[in-house]
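Trainee: Okay, structure incoming, though there's no sequence with it:
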């Protein structure tokens, strides 16, 4: 199955924590400081679409960790959330970006679309609306 993504799906910089980086900078060498800043600035992101069993409701989201976020939706981790209330457990579309701000902008763009345009986007890469968790969980 073909999806828009950058080469390294599991971007190693995804493990960076901005708070830890800032507190560490004063003690770090110049080279380490540059590496940590690069890590924070290049964290990638994903836009994804979740739906329910009957494919009647869509949720568009953005995350820096698609694997963990989809798992949270499937396990109803956030009780009383939109995805929990409507049982949106099936990830039917995603796009990966090398920078999180690109993913955020794309999420905002897709959220403005009418349902028909969203359906067409999903159908271009996943015409049977299969749950892509099978693919994502093997990352």
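Mentor: The structure has been received and is ready for your questions. This is a predicted model, so every value here is computed, not measured. Numbering: from 1, shown residues only.

Trainee: is it true that residue 66 touches residue 136?
Mentor: Yes - between residue 66 and residue 136 there is a contact under C-beta atoms under 8 Å: 6.0 Å. All C-beta atoms are positioned from the backbone trio N, CA, C, and that covers glycine.

Trainee: list the residues that contact both of these two?
Mentor: residue 94 (C-beta atoms under 8 Å, 6 or more residues apart in numbering).

Trainee: if you count what's nearby, which of the two comes out ahead?
Mentor: Neighbours were counted for residue 66 and for residue 136 using other C-beta atoms under 10 Å; residue 66 has more, 27 against 19.

Trainee: What strand or helix carries the nearest residue to the more buried one once chain neighbours are set aside?
Mentor: Nearest residue to residue 66, sequence neighbours excluded (C-beta to C-beta, 6 or more residues apart in numbering): residue 46, at 4.2 Å. For residue 46, the host element (DSSP states H and E) is strand 45-51.

Trainee: contacts for that strand?
Mentor: Counting by C-beta under 8 Å, 6+ apart, 57-64, 66, 69-70, 73, 83, 88-97, 99-104, 106-107, 110, 118, 122, 129 sit against strand 45-51.

Trainee: Show the buried residues in the residues you listed.
Mentor: Buried subset of the contacts of strand 45-51 (neighbour count, 16 or more other C-beta atoms under 10 Å): 58-64, 66, 69-70, 73, 83, 88-97, 100, 102-103, 106-107, 110, 118, 122.

Trainee: Low-confidence stretches in this structure?
Mentor: For the chain, the stretches flagged by pLDDT under 70 are 1-42.
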